[in-house]
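**Q** Using only what follows, build the 3D model:
(2 chains)
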There are 2 protein chains.
Amino acid sequence: MKNLTIGLFGFGNVGRGLYDVLERINSQSVTIKTICVRNLAKNRGVEAHFTDNPDDIFEDKDINLIVELIDDADAAYDIVKRALKKRIPVVSGNKKMLAYHIIELIDLQEQYNTPLLYDASACGSIPVIRNLEEYYDNDLLCSVKGILNGSSNFILSKIFNEHMSYGDALRLAQELGFAESNPTLDIDGWDSLFKLIIVTMHAFGVYVTPEEIFTYGISTMNDADIRFTKEKDRRIKLVAHVEKFDDRLIMCVIPQLISRNKYIYGVEDEFNGVVIKGLFYGKQFMFGRGAGGHPTGSAVLSDITACAYNYRYEYKKRNNSVLPAYTKEHTFRVYFRYKTAEQRNLLNFSKVREQYSSDDYNYIVGDVTIANLKAHQEELRHPDCFVAAYPFD
Amino acid sequence: MKNLTIGLFGFGNVGRGLYDVLERINSQSVTIKTICVRNLAKNRGVEAHFTDNPDDIFEDKDINLIVELIDDADAAYDIVKRALKKRIPVVSGNKKMLAYHIIELIDLQEQYNTPLLYDASACGSIPVIRNLEEYYDNDLLCSVKGILNGSSNFILSKIFNEHMSYGDALRLAQELGFAESNPTLDIDGWDSLFKLIIVTMHAFGVYVTPEEIFTYGISTMNDADIRFTKEKDRRIKLVAHVEKFDDRLIMCVIPQLISRNKYIYGVEDEFNGVVIKGLFYGKQFMFGRGAGGHPTGSAVLSDITACAYNYRYEYKKRNNSVLPAYTKEHTFRVYFRYKTAEQRNLLNFSKVREQYSSDDYNYIVGDVTIANLKAHQEELRHPDCFVAAYPFD
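**A** Residues are numbered from 1 along each chain as shown, chains lettered A, B, ... in the order given. The predicted structure is shown next:
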């Protein structure tokens, strides 16, 4: 095991979490030497060497690991690229940056023979990426499906179980440090999407750009939707989903009406839960804290320790001779609330199974393709509309 | 990735499961060349090269991986030792053999620079060992607790949820291929114990012999115990438990009365569930099929693929400068059913919290040490007695 001298970028919720975790375990072999922050004037309340000049990290010959835990995806991208090019191993928690640049970053890792680890970027403390990479690395894997965003799940739990209003629940999530600084990332499904893209790379060796994937969140969900869901004895969960059907791969982020007999039905508050399904072994379920500085900080520590042992992702699935082709030609049963005829006509239902109309709102339960949903992703974000998958089971 | 030509020992439930899994994925790089079985006359119903002579595997220069999936721990030990000494990597599923010989087998791996993998030996399809080894490899880990035996859990589920008799439930478990050929291994906690010993080695770097650990199962559980448990709105689960308290480590296998708010309350049938607890990240829960030929066969496949990538366990925790010391000086609240005064006096309750007596049986709820339980492990297996941990919560 190597001794690691860390240059840390960012001292927000997760950076501070990592700092606390390292203090607590009092490691002799892992030390943070320098912390680079944007605002040097801010009192951080800890005894550490702060700087606002990245060169103080990049030009320090002692530093043999860079940990990047900042919010800004563009700045994170620059840091990670610069680190790899200088052959300094790097740990990152920035899922947006990874979702956009993972192909280039895989190439850079290879070109400069330097590892980039980011298990902490998906599902906080649950080791999803490492398991997909190392354990589910054979062809038995069928699907990965789960609640990947702790903040929106926290809000849904408070709304469903404690009848809290949307605004109160969001504020509470922010106070507790679960929400991203820009809450639409959580609420509208983007954070789940970024994680899904990373997960899919390790699960199936396939990269799909964020723009290509239907992504829809809970920001337009209202009381009518909650009522409908409760009547069916289900709960709304924001689900990221990738599934292989022979040579085709579907991906999406969509709220789902989840019935009681599903593992993720009971995933509450800031927790994440991932169901991994494979031939022969069936379903496996992993569950843990998906947000918060300390759980995510401890996940970053696992990445750091892996670096000390020279671990690197091998992206094994990318080397499969045949990779499944991404498609949006897949049909879901959905619940769709709308107001106007124009909104109704956004979706081409191949089958209508249930209809309701009133002066206030209307809804349809019926079958649509992901392609159809994707084509109207932005129009469906209108406050009059809400769409959720409504699986048979 | 290396091409692997496998010599397989054993073609029981798991061996056959592995065979089916490999057939299904139709791997070009992994093939079973020879299968060594005890009874060559038995019709196996598959087209493969069978032998009853181990030399046909050990002396075959083509074979570069040995997979050992036999029942007999002594024979398994000989096979694994011989393989390591011949520098042939080996995958084993024999938890009893591992629980007794793991220290020697760690040394042999090092001495002959040859890996032995056995993730499939604990918790079937759940990658517990790999995760403890790779992801929970820092000092944050506090405890590992769970249902590690699918067969006894299947029986408990049938008894508790479907009011099946003990005998019928056991027969059904055997028919479905969940039970070991010797059911006392499952029912009396030994199988869970063996897995616990392996898990503890990877979780905390500590080895304790099977004889040292309190191990108690469900074979004497009766209707009175079930009634008591249901009255408290709990379920009985057979739990293996290792927990670190600063510099001390406790281990035991004991039935527990589990309340509804615990993750393992909902682990039913042949499933296994493991709760990993750590500082900062809190509890994580992993859940999946813990028994059955196909799930376990797919876990063996993961070990085989890991071999193809030259993966080996590093037993990192063993290198910690200070290891926690195993102790039985730890107090539990237990439920204890008994009949005679002599039986009553087996246990020294430091506190009695509840008492009941009748002509048929008596029980006490109170606090005892693990050392006290361990001292009377065999007497407590009397049909008149049943003891179960009864945690506060």
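**Q** Okay, and the beta partners of residue A:215?
**A** Under DSSP bridges, the beta-bridge partners of residue A:215 are residue A:253.
**Q** so how many other residues sit close to it?
**A** Here the number of neighbours of residue A:215 (other Cβ atoms under 10 Å in any protein chain shown) works out to 23. (C-beta placed from N, C-alpha, C; glycine too.)
**Q** Could you double-check that it sits in contact with residue A:377?
**A** Yes: the pair residue A:215 and residue A:377 qualifies as a contact (Cβ atoms under 8 Å) at a distance of 6.9 Å.
**Q** Give me the phi and psi for the residue sitting furthest away from the middle of chain A.
**A** What lies farthest from the middle of chain A is residue A:359; by Cα atoms, centre = their mean that is 37.9 Å. For residue A:359, the backbone dihedrals (degrees, to the nearest 10) come out as phi -60, psi -30.
**Q** Need the per-residue pLDDT for it.
**A** pLDDT, residue A:359: 95.
**Q** can you map out the strands along the stretch 251-393 of chain A?
**A** Using DSSP state E, counting those that start in this stretch, the strands of the stretch 251-393 of chain A run over A:271-278, A:282-289, A:325-326, A:331-338, A:351-357, A:362-369, A:386-389.
**Q** The residue nearest the centre of chain A: what secondary structure?
**A** Centroid-nearest residue in chain A: residue A:195, 3.1 Å away (criterion: Cα atoms, centre = their mean). Three-state call for residue A:195 (DSSP: H, G, I helix; E, B strand; the rest coil): helix.
**Q** is it true that it touches residue A:122?
**A** Yes: assessed by Cβ under 8 Å, residue A:195 is found in contact with residue A:122 at 4.2 Å.
**Q** tell me, what's touching the two both at once?
**A** A:95, A:148 (Cβ atoms under 8 Å, 6 or more residues apart in numbering or on different chains).
**Q** Name the SS class of residue A:16, please.
**A** helix.
**Q** next one: the one 4 residues further on
**A** Following three-state DSSP, the label given to residue A:20 is helix.
**Q** residue contacts, it?
**A** Counted by Cβ under 8 Å, 6+ apart, residue A:20 has contacts A:293, A:294, A:297, B:280.
**Q** same question, residue A:150
**A** A:124, A:178, A:269, A:270, A:271, A:272, A:289, A:290, A:291, A:292.
**Q** Near chain B, list only the ones from those.
**A** When contact is defined as Cβ under 8 Å from any Cβ of the partner chain, the contacts of residue A:150 meet chain B at A:124, A:289.
**Q** Of the contacts of residue A:150, which is the most crowded?
**A** residue A:124 (33 neighbours).
**Q** Report pLDDT for the residue nearest to it when sequence neighbours are not counted.
**A** Leaving aside its chain neighbours, residue A:124 sits nearest to residue A:290 (4.2 Å; criterion: Cβ to Cβ, 6 or more residues apart in numbering or on different chains). Residue A:290 carries a pLDDT score of 81 in this model.
**Q** do the same with the one 5 residues further on
**A** With respect to pLDDT, residue A:295 has a value of 91.
**Q** gap between it and chain B?
**A** Plainly put, residue A:295 is 4 Å away from chain B if you go by Cβ to the nearest Cβ, to the nearest Å.
**Q** With residue A:390 instead?
**A** Distance of residue A:390 to chain B, given as Cβ to the nearest Cβ: 24 Å.
**Q** list the buried ones in the helix or strand of chain A with the lowest mean pLDDT?
**A** Lowest by mean pLDDT, DSSP states H and E among the helices and strands of chain A is helix A:166-175, with a mean of 85. By 16 or more other Cβ atoms under 10 Å in any protein chain shown, the buried positions in helix A:166-175 come out as A:166, A:169, A:170, A:172, A:173.
**Q** Okay, helices next: where are they in chain A?
**A** Along chain A, counting by DSSP state H, helices occupy A:13-25, A:55-58, A:73-85, A:95-111, A:128-134, A:150-162, A:166-175, A:184-187, A:190-204, A:223-231, A:293-308, A:341-344, A:370-375.
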